[in-house]
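K.L.:
Build me a structure from this.
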Amino acid sequence: MSETMGFLQELRNQDGQRRHEAPPARAHQPTTPLPALTSLRFLAAFYVLVFHYDRFFFPDGPRNTAILLGHTGVTFFFVLSGFILAYTYHAVDLRDRTLRRRYLLARFARIYPAFLLSLAISLPWFAAWVLKSAPPLKWLMASGAVLAPLGLHAWVPGAACSLNCASWSISVEAFFYLLFPLLLPLVLRRPTEYALAALGLWAVFAAFGTLLWNRYAPGVSLIEPEPGGTAAILLAQGIKYDPLLRLPEFIAGLVLFAWWRQMRPVASADEIALPRSRAKPFLAAAALAAIVLVLIDPYVPGPLMHNGLSAIAWAPLILAGAELRGGVLASAPLVFLGRISFALYLLHLPAYAAINSLDRALHGAITGASPWLGVGLATTLSLALAALVHLFVEEPARLALLNGRFRLPARRPGGAVAENRIQ
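P.N.:
Residues are numbered from 1 along each chain as shown. Sure, this is the predicted structure:
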């Protein structure tokens with residue numbers, strides 16, 4: 001008994017020591033939460049889910065242009081990533097090595113646990129897909145087993161979409177994160193010049209991709225290149241997923257923040273009403289741009305639409321979300337869905353694969369009854385997995401990485417708060 005009491009007392013002593021330890025050094029200064037942008041993340045992730053499930057569960061059905069544009073939800077994420085990183089770190093001097101290391105650790109802790117889990121979950125279907133593919137696609141796909149965990153697979157057509165296809169965008173984001181400390185001070189100093197530079201880059205990349213596609217895959221859909229054969233598949237992945245070709249979208253987010261900061265009036269006492277009134281023109285602009293995109297999509301070359309043209313709608317929507325502090329988009333349920341949106345995006349394809357495998361094992365009993373039953377089951381599974389992974393893997397692992405043995409020593413007094421939850 002005395003040994004047990006001694007053991008319990010030692011645990012209490014250790015707990016007390018932990019409570020009095022200095023908090024870990026943080027990556028950035030305090031920022032005001034932007035809950036509406038968190039909620040919009042869920043809507044964009046769900047838009048991507050709808051785009052994929054429409055193709056998977058209704059392969060021979062008619063295509064709705066508004067749903068076909070669901071792939072542009074990734075452009076939203078790229079632009080939002082630039083905006084939020086600039087919002088969070090604009091007051092941080094990332095030339096300082098320690099601060100830069102904290103920033104990189106914060107980004108790694110934010111994305112890698114859920115990302116790695118999604119790759120692990122996808123391994124059975126990845127192996128089956130590789131085994132049934134023919135060379136050279138087989139070997140390029142197989143390389144994803146090495147490249148994907150390193151975040152490098154988006155650079156290699158064939159590997160980019162092999163191990164949980166949705167994860168290609170995380171490889172692109174990793175590239176953006178590395179460039180961010182270099183780009184941020186430049187864009188903040190000269191946002192208009194960098195806006196023009198990003199627009200020029202986008203035009204050159206889009207024209208280059210369009211020329212390649214029209215030359216080597218004429219008449220084939222960039223979104224569904226499989227009928228064009230292996231060459232079309234690899235070319236499509238090179239155009240759609242190459243990190244360098246998606247860089248203008250990230251720079252657009254940085255520029256958007258710089259402009260937003262310049263246009264914001266001095267805060268007044270009416271903190272809720274004024275932001276709502278400022279959001280209305282942005283919401284109207286986003287709605288108008290969305291209508292235009294739907295109307296022109298059949299006539300626009302695939303590389304232009306897939307790789308950033310939709311930013312004309314997403315940018316004003318992001319500005320509207322940055323202004324809103326109340327209303328439906330700031331409600332607790334939607335904010336929670338926004339927090340699980342990263343896991344939802346990563347897990348909706350493995351969830352589909354699981355339901356599809358179950359359907360095959362049951363000889364088509366699910367989709368045979370109704371494709372909508374398959375949609376409902378896959379969507380429910382996606383949301384459930386996303387919530388569980390966020391609560392029990394993503395957040396605990398992020399905090400463990402930030403507060404555990406990888407903690408970096410503080411050099412400066414002061415410190416800052418934990419990462420903004422919308423990142």
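K.L.:
Where does residue 360 sit, in terms of helix or strand?
P.N.:
When elements are assigned from DSSP states H and E, residue 360 belongs to helix 341-361.
K.L.:
pLDDT averaged over the helix or strand following that helix - what is it?
P.N.:
Using DSSP H and E, the next helix or strand after helix 341-361 towards the C-terminus is helix 365-369. Taken as a whole, helix 365-369 has a mean pLDDT of 94.
K.L.:
Which strands and helices lie in contact with helix 365-369?
P.N.:
helix 341-361, helix 371-389 (3 or more Cβ pairs under 8 Å, 6 or more residues apart in numbering; DSSP states H and E). All C-beta atoms are positioned from the backbone trio N, CA, C, and that covers glycine.
K.L.:
can I get those helices in CSV with distance to residue 321 and mean neighbour count?
P.N.:
What follows is those, written out as CSV (distance: least, Cβ to Cβ, whole Å; neighbours: other Cβ atoms under 10 Å):
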stretch, distance to residue 321, mean neighbour count
helix 341-361, 13, 22
helix 371-389, 20, 19
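K.L.:
of the ones you listed, which approaches residue 82 most closely?
P.N.:
When the helices and strands packed on helix 365-369 are compared by Cβ to Cβ, helix 341-361 sits nearest residue 82, at 16.3 Å.
K.L.:
Just want the angle from the closest one to helix 371-389.
P.N.:
Relative orientation of helix 341-361 and helix 371-389, computed by axes from the mean of the first three to the mean of the last three Cα atoms, to 10 degrees: 140 degrees.
K.L.:
Which element, helix or strand, includes the nearest residue to residue 357 once chain neighbours are set aside?
P.N.:
In space, and not counting its chain neighbours, residue 357 is closest to residue 125: 7.7 Å by Cβ to Cβ, 6 or more residues apart in numbering. Per DSSP H and E: residue 125 is located in helix 97-132.
K.L.:
rewinding a little: dump the helices and strands packed on helix 365-369 to JSON lines, plus distance to residue 38.
P.N.:
Below are the helices and strands packed on helix 365-369 laid out as JSON lines (distance: least, Cβ to Cβ, whole Å):
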{"stretch": "helix 341-361", "distance to residue 38": "8"}
{"stretch": "helix 371-389", "distance to residue 38": "14"}
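K.L.:
What are the boundaries of the helices in the stretch 1-150 of the chain?
P.N.:
2-20, 35-57, 65-68, 73-89, 97-132, 137-142, 144-147 (DSSP state H, counting those that start in this stretch).
K.L.:
average pLDDT for the first one?
P.N.:
Mean pLDDT, helix 2-20: 44.
K.L.:
what does the second one give?
P.N.:
Averaged across helix 35-57, pLDDT comes to 97.
K.L.:
Kindly report the same for the longest one.
P.N.:
Averaged across helix 97-132, the pLDDT comes to 97.
K.L.:
I'd like the distance between the closest residue to residue 371 other than its chain neighbours and residue 43.
P.N.:
Nearest non-adjacent residue to residue 371, counting by Cβ to Cβ, 6+ apart: residue 57, 4.4 Å away. Distance, residue 57 to residue 43, by Cβ to Cβ, to the nearest Å: 21 Å.
K.L.:
Residue 232 now?
P.N.:
In terms of Cβ to Cβ, residue 232 sits 31 Å off from residue 43.
K.L.:
Report the buried residues of the host helix or strand of residue 400.
P.N.:
Assigned by DSSP H and E, residue 400 belongs to helix 395-403. Within helix 395-403, the residues that count as buried by 16 or more other Cβ atoms under 10 Å are 395, 397, 398, 401, 402.
K.L.:
mind putting these in a markdown table, pLDDT and distance to residue 149 included?
P.N.:
Shown next, in a markdown table, are the buried residues of helix 395-403 (pLDDT from 0 to 100; distance: Cβ to Cβ, whole Å):
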| residue | pLDDT | distance to residue 149 |
| --- | --- | --- |
| 395 | 96 | 21 |
| 397 | 96 | 15 |
| 398 | 96 | 18 |
| 401 | 95 | 16 |
| 402 | 93 | 21 |
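K.L.:
Residue 328: which of the residues you listed is nearest?
P.N.:
Ranked by distance to residue 328 (Cβ to Cβ), the buried residues of helix 395-403 are led by residue 395 at 24.4 Å.
K.L.:
Now name the helix or strand holding residue 294.
P.N.:
Residue 294 belongs to helix 273-296, assigned by DSSP H and E.
K.L.:
and the helix or strand following that helix, what's its mean pLDDT?
P.N.:
With elements assigned by DSSP H and E, the helix or strand that comes after helix 273-296 is helix 302-304. For helix 302-304, mean pLDDT is 97.
K.L.:
returning to what we had before: more neighbours, residue 232 and residue 43?
P.N.:
Neighbours per residue (other Cβ atoms under 10 Å) separate residue 232 from residue 43, with residue 232 holding more: 20 against 17.
K.L.:
what's near enough to touch residue 285?
P.N.:
residue 316 (Cβ atoms under 8 Å, 6 or more residues apart in numbering).
K.L.:
and it, how far is that from residue 240?
P.N.:
For residue 285, the distance to residue 240 - Cβ to Cβ - is 27 Å.
K.L.:
remind me which residues of this structure are low pLDDT?
P.N.:
Within the chain, the stretches with pLDDT under 70 are 1-30, 265-276, 405-423.
K.L.:
tell me the centre residue of it?
P.N.:
The centroid of the chain falls nearest to residue 77 when counting by Cα atoms, centre = their mean (4.8 Å).
K.L.:
Thought residue 42 was touching that residue, still the case?
P.N.:
No - here residue 77 lies out of contact with residue 42, judged by Cβ atoms under 8 Å, at a distance of 11.5 Å.
K.L.:
Quick check on residue 152: phi, psi?
P.N.:
phi -110, psi 0 (degrees, to the nearest 10).
K.L.:
correct me, but it touches residue 171?
P.N.:
Yes - contact between residue 152 and residue 171 holds when scored by Cβ under 8 Å: they sit 6.3 Å apart.
K.L.:
So which of the two has more stuff around it?
P.N.:
Taking other Cβ under 10 Å, residue 152 and residue 171 do not tie; residue 171 has more neighbours (23 against 18).
K.L.:
Now the more buried one: which helix or strand?
P.N.:
helix 168-189.
K.L.:
What helices and strands are in contact with the following helix or strand past that helix?
P.N.:
Sequence-wise, the next helix or strand downstream of helix 168-189 (DSSP H and E) is helix 191-216. If you count contacts as 3+ Cβ pairs under 8 Å, 6+ apart, helix 191-216 packs onto helix 168-189, helix 230-241, helix 243-263, helix 302-304.
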